[in-house]
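> Build me a structure from this.
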Amino acid sequence: MRRVILDTKDVQILDALQKDGRLTNAELAQSLGMSPSPCWRRVQRLEQIGVIRGYHADVDRQRVGLGVLAFVRASIDSFSEVEASRFAERIQGFEHVVACYQVAGEVDYLLQIVAADLDSYESTVVDLRRIPGIRSMHTMFVLNEIKSPAGLPVRPTLEDEA
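Here you go, the predicted structure:
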């Protein structure tokens, strides 16, 4: 995937919207010292080219009863394009798997799982183990969140990076 060219104003827009996705266009434009129309056009462009993929609420998982957070390292029997596609397709159906990454190293995938409690977590793992081809799964439970995702450190694109 080719990197998108971003100038300083684009980066300022992205930084502001990552901090507060509920900003109106007028508020965003004013905070950046821009007129509303050019600001709106820039936001529209960032949405159309897929840099801004959506706007989401930052939900406190513990306040909504999801007290368990775990990362699961998973390996499959034979890693091929077909097996990778099958695994990716099947993992979509697990609502408590909130993120899944194909990784390089000792394992094939890293899954992020949330659950109400250990019984609920165990139920999810039992269902995951039913996916054909899973060779091993190793769990790491989060004891304390030190730093949570809070936005990406976006910087302007240099000419030779585009």
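
> Can you give me the pLDDT of the spatially most central residue of the chain?
The residue lying closest to the centre of the chain (CA atoms, centre = their mean) is residue 99, at 6.6 Å. Note on residue 99: pLDDT of 97.

> List the buried residues in the helix or strand hosting it.
Assigned by DSSP states H and E, residue 99 falls within strand 97-102. Within strand 97-102, the residues that count as buried by 16 or more other CB atoms under 10 Å are 97, 100. Glycine gets a C-beta too; all of them are placed from N, C-alpha and C.

> between the one helix or strand in the chain whose mean pLDDT sits lowest and strand 97-102, what angle do the directions make?
Taking mean pLDDT, DSSP states H and E as the measure, the helix or strand of the chain with the lowest value is helix 81-91, at a mean of 91. If you take axes from the mean of the first three to the mean of the last three CA atoms, to 10 degrees, helix 81-91 sits at 170 degrees to strand 97-102.

> Once you drop chain neighbours, what's closest to the residue nearest to the centre of the chain?
residue 112 (4.0 Å; CB to CB, 6 or more residues apart in numbering).

> Is that neighbour part of a helix or strand, or is it coil?
strand (DSSP: H, G, I helix; E, B strand; the rest coil).

> can you count the residues close to it?
15 (other CB atoms under 10 Å).

> Could you measure from it over to residue 58?
15 Å (CB to CB, to the nearest Å).

> Could you find the closest non-adjacent residue to the residue of the chain positioned farthest from its centre?
Distance from the C-alpha centroid of the chain peaks at residue 35, with 31.5 Å (CA atoms, centre = their mean). In this structure, residue 35 finds its nearest non-sequential neighbour in residue 29, 6.2 Å apart by CB to CB, 6+ apart.

> From residue 57, how far out is the one you found?
With CB to CB as the criterion, residue 29 and residue 57 are 23 Å apart.

> Which one's more surrounded, the two?
Neighbour count, other CB under 10 Å: between residue 29 and residue 57, residue 29 has more, with 20 against 6.

> show me what contacts the more buried one?
Residues counted as contacts of residue 29 (CB atoms under 8 Å, 6 or more residues apart in numbering) are 35-36, 38-40.

> quick one, phi psi at the residue nearest to residue 51 when sequence neighbours are not counted?
Distances taken as CB to CB, 6+ apart put residue 4 closest to residue 51, at 5.7 Å, once the chain neighbours are dropped. Phi and psi for residue 4, reported as degrees, to the nearest 10, are phi -90, psi 140.

> Lovely, talk soon.
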